[in-house]
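**Student:** using only what follows, build the 3D model:
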Amino acid sequence: MWWSKALVLIAVLMLGPTGCGFGPMYAKGGGDRTGISADLADIRIAPIKDRMGQKLRNALLQRITPQGEPGDYRYSLSVTLTESASDLGYRRDSFATLGNLTMSAGFSLQGDGVGILLGTAITVVSFDYLGPRYASVATERDAEDRAITQLADDIRSQVAVAITRYKADPKNARYRKSSDSGFIRPEGPDRPAERR
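**Tutor:** Here you go, the predicted structure:
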């Protein structure tokens, strides 16, 4: 019986060094930057309009290039932000008690002269309307901050996956050269390339 346990142990030890073939997406190296963090550090984030756009850009900078923006960048990220608020719950005297804040960010990632990603991130955050005006403003601002955080996390995740996919096969037909007439949407399994 001891020999069967020893045989299993030897088999496990022989398979261990071979690994599964996958690498960590967010690898942390020693002194040098490696993995997706190094690729994200090569992204320049274009300015975004309005106060909420500035807040989103700051949140993206914290998540994508926490060491500061690159002087020489390989990728360029452009973002447009739209927001809308709607009332949901009403009291008998017709004052709203609950609201929804919807934020939508359309973004494009370009690099090496090709369009790598054309994506959208959407979030809906609820907030309460409270009696005093200051309290209501504070809950709305809190909802804005939560929505910005969710959008920034979503955009970072989509960009990280897109760069990883692009670096694995940059000559894939889904990546077409950008032309002067506009961004070319990368092809996917469910959508053909198209001009915008």
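**Student:** show me what the worst-scoring helix or strand of the chain on mean pLDDT is packed up against.
**Tutor:** The helix or strand of the chain with the lowest confidence, counting by mean pLDDT, DSSP states H and E, is helix 2-15 at a mean of 73. Of the remaining helices and strands, none touches helix 2-15 by 3 or more Cβ pairs under 8 Å, 6 or more residues apart in numbering; DSSP states H and E. All C-beta atoms are positioned from the backbone trio N, CA, C, and that covers glycine.
**Student:** so who does residue 85 touch?
**Tutor:** 99, 100, 101, 102, 140 (Cβ atoms under 8 Å, 6 or more residues apart in numbering).
**Student:** what residues of the host helix or strand of it count as buried?
**Tutor:** Using DSSP states H and E, residue 85 maps to strand 75-90. For strand 75-90, a neighbour-count test (16 or more other Cβ atoms under 10 Å) marks 75, 77, 78, 79, 81, 83 as buried.
**Student:** what do you get for stretch 140-156?
**Tutor:** 140, 143-144, 146-152, 154-156.
**Student:** I'd like the mean pLDDT over stretch 76-90, please.
**Tutor:** For stretch 76-90, mean pLDDT is 86.
**Student:** okay, it in CSV with CA atoms only?
**Tutor:** What follows is stretch 76-90, C-alpha atoms only, in CSV (Å, rounded to 0.1, in the frame of the first residue of the first chain):
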residue,chain,number,x,y,z
SER,A,76,-4.4,55.9,-26.1
LEU,A,77,-7.7,55.7,-24.2
SER,A,78,-10.6,58.1,-25.1
VAL,A,79,-13.7,58.2,-23.0
THR,A,80,-17.1,60.0,-23.3
LEU,A,81,-19.4,60.2,-20.3
THR,A,82,-23.1,60.7,-20.2
GLU,A,83,-25.3,60.8,-17.0
SER,A,84,-29.0,61.0,-16.2
ALA,A,85,-31.0,60.9,-13.1
SER,A,86,-34.6,59.7,-12.7
ASP,A,87,-37.0,59.7,-9.8
LEU,A,88,-38.5,56.4,-8.6
GLY,A,89,-40.4,56.6,-5.3
TYR,A,90,-42.9,59.3,-4.5
